[in-house]
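Q: 3D model of this:
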Amino acid sequence: MNRLVILLLIWLAPLCAIAQQQVLLNNVQLFNGKDNKTTLVNVLITANVISRISKDPIPTNKSMMVTIIDGRQRFLMPGLIDAHWHSFMCANTMQDMMLGEQSFLFIRAAKESERTLLRGFTSIRDLAGPVFGIKRAIDQGIQPGPRIYPSGAMISQTSGHGDFRLPVDPPRMSSHTIAAPEALGVGIVADGAYEVLVATREQLRHGATQIKLAAGGGVASLYDPLEATQYSVEEMKAAVQAAGDWGTYVTVHAYTTEAIKRAVAAGVKCIDHGHLMDEECVKLLADKGIWLSMQPFGGPDGNAYADPKQAADSKKVGEGSDHVYEWAKKYKVKLAWGTDLLFNPGATKNQNQLLLRMKNWFSNFEVLKMATYDNAQLLALSGPRNPYPGKLGVLEEGALADMLLVDGDILQHLELLGDPEKNLLLIIKDGKIYKNILPQP
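A: Below is the predicted model of the structure:
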């Protein structure tokens, strides 16, 4: 055996060891993410994939490293997915982002990613922020955290929702300086179809799985009124074309009917927010097969605003939820769920509470399906840009092994998810156990 072959075997040995690991979960009530029922089964995980689900005992390979866990008929479900999360901005305030020491901000964001995973969220769609490095650290096993589907910087027009410059900063046309948030990669200002095209390609170059544009005004932003419509059809089409060339899609931040109709005309495949739409616009999304990723704004567990105008806008957005959810169900719009917590690190712990708030409009089963199976279909819309090929949001043979073991039947008692520290007994992501507090026999 020559020296090159020996070196190759030494290099491959750790990978082979990982591939030979198994986890066997016996005696669990399995909710597969799609069906309104549970089944008492045994589940075998080989490496990072569910290799077998059976009502009968499952033999294991004696040559493998096997961890055997008795689930004691606890509730096993797919890992939760947050379709609108900000890994960086949820961990830092606006002031931190503008003036803080960058290395500290990233460390704080990484630690919050670990807490996100321990709240049961095994995947998140990150819709603006510098998270490529955090994602890489998680994927390489350096830092615990969820799977991240990053958008990179939110692309915005001058004075738009992603324009984070200070009022004293010079106009773009007269200066080559870059504001701190833009240098960080939180948002990028681009005007005209050419600049939008370049900005989109920049995010794809960094590894974006989908592109986010600001197509309308916002609550948390500095300059733009909530009712403002942003970007022309031609500008948005430039992003849609560039994303489509890479096999992925564009989602837009938009609340109002006018902003959403303009984005639909440009060919976007997802609307994030949409709380101020009229019924005709909701039907348009259904007819076009466009995703609506909404958040249950308006409750006590979301973002809080001291500024009276922002507080009033936040209240207005929250009040729009009732109508839009009602119409979305009526026309069978493809619905996703997310939280959009940002700039208030103390509120990130409320991520699970915002899931429970969905009970105002949906049954327990509908909420669970939306936060697992349905959200996973939206993640898969990134096509070849999907960094985690395989099935997510479902527990079936061949799916990726992301799952939670809950101390109670949450099809009946969804509120158990409100206390993940106590009620999430076992957290597995990509076949690896990140938490196990099952009572010992």
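Q: Please, which helix or strand holds Ile134?
A: helix 132-139 (DSSP states H and E).
Q: Run the chain-centre distance for that helix.
A: 14 Å (C-alpha atoms, centre = their mean, to the nearest Å).
Q: can you check stretch 62-81 too?
A: 24 Å.
Q: can you check stretch 229-245 too?
A: The answer for stretch 229-245 is 22 Å, by C-alpha atoms, centre = their mean.
Q: Also stretch 368-387?
A: That offset, for stretch 368-387, works out to 9 Å (C-alpha atoms, centre = their mean).
Q: which helix is the longest one in this protein?
A: Across the chain, the longest stretch assigned as helix under DSSP state H is helix 308-331.
Q: show me where pLDDT drops low in the stretch 1-150 of the chain?
A: 1-20 (pLDDT under 70).
Q: can you give me the helices in it?
A: 3-19, 94-99, 102-118, 132-139 (DSSP state H, counting those that start in this stretch).
Q: still on that earlier bit, hmm, who's touching the helix holding Ile134?
A: 87-88, 106, 109-110, 113, 126, 143-148, 150, 152, 185, 206-207, 387 (C-beta atoms under 8 Å, 6 or more residues apart in numbering). Every C-beta, even on glycine, is put in place using the N, C-alpha and C of the backbone.
Q: Show me just the buried residues among the residues you listed.
A: Taking 16 or more other C-beta atoms under 10 Å as the criterion, what is buried in the contacts of helix 132-139 is 87-88, 106, 109-110, 113, 126, 143-148, 150, 152, 185, 206.
Q: Where strands are concerned, which of the residues you listed count?
A: Members of the buried ones among the contacts of helix 132-139 lying in strands (criterion: DSSP state E): Asp126, Arg147, Ile148, Pro150.
Q: distance of the last one from Ser293?
A: What it means is Pro150. To Ser293, Pro150 is 16 Å away according to C-beta to C-beta, to the nearest Å.
Q: now do the first one
A: Asp126 sits at a distance of 13 Å from Ser293 (criterion: C-beta to C-beta).
Q: likewise Asn423?
A: 26 Å.
Q: Could I get the contacting residues of Gly398?
A: Val49, Ile50, Gly390, Lys391.
Q: measure stretch 353-362 end to end?
A: 15 Å (C-alpha to C-alpha, to the nearest Å).
Q: Can you give me the buried ones in that stretch?
A: By 16+ other C-beta under 10 Å, the buried positions in stretch 353-362 come out as Gln353, Leu354, Leu355, Leu356, Arg357, Met358, Trp361, Phe362.
Q: Give me the contacts around that stretch.
A: Counting by C-beta under 8 Å, 6+ apart, 80, 295-296, 299, 301-302, 321-322, 325-326, 329, 337, 339, 341, 366-367, 370-371, 414-415, 417-418 sit against stretch 353-362.
Q: among these, which ones are buried?
A: Counted by 16+ other C-beta under 10 Å, the contacts of stretch 353-362 give 80, 295-296, 301-302, 321, 325, 337, 339, 341, 366-367, 370-371, 414, 417 as buried.
Q: Among the residues you listed, name the ones in strands.
A: Leu80, Trp337.
Q: ok, the nearest residue to Lys315 once chain neighbours are set aside to Ala311 distance?
A: Leaving out its chain neighbours, the residue that sits closest to Lys315 by C-beta to C-beta, 6 or more residues apart in numbering is Gly298, at 6.9 Å. Per C-beta to C-beta, Gly298 is found 11 Å from Ala311.
Q: Those two: who's more crowded?
A: Here Gly298 and Ala311 are compared on neighbour count by other C-beta atoms under 10 Å; more neighbours surround Gly298, at 19 against 13.
Q: right, and that one touches Lys316 too?
A: No. If you go by C-beta atoms under 8 Å, Gly298 and Lys316 don't touch, sitting 9.2 Å apart.
Q: if we can go back for a sec, now the buried residues of stretch 353-362 in JSON lines, please, with extra columns for pLDDT, distance to Leu44 and secondary structure.
A: Below are those laid out as JSON lines (pLDDT from 0 to 100; distance: C-beta to C-beta, whole Å; DSSP: H, G, I helix; E, B strand; the rest coil):
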{"residue": "Gln353", "pLDDT": "95", "distance to Leu44": "34", "secondary structure": "helix"}
{"residue": "Leu354", "pLDDT": "95", "distance to Leu44": "34", "secondary structure": "helix"}
{"residue": "Leu355", "pLDDT": "97", "distance to Leu44": "29", "secondary structure": "helix"}
{"residue": "Leu356", "pLDDT": "97", "distance to Leu44": "32", "secondary structure": "helix"}
{"residue": "Arg357", "pLDDT": "95", "distance to Leu44": "36", "secondary structure": "helix"}
{"residue": "Met358", "pLDDT": "96", "distance to Leu44": "32", "secondary structure": "helix"}
{"residue": "Trp361", "pLDDT": "96", "distance to Leu44": "37", "secondary structure": "coil"}
{"residue": "Phe362", "pLDDT": "97", "distance to Leu44": "32", "secondary structure": "coil"}
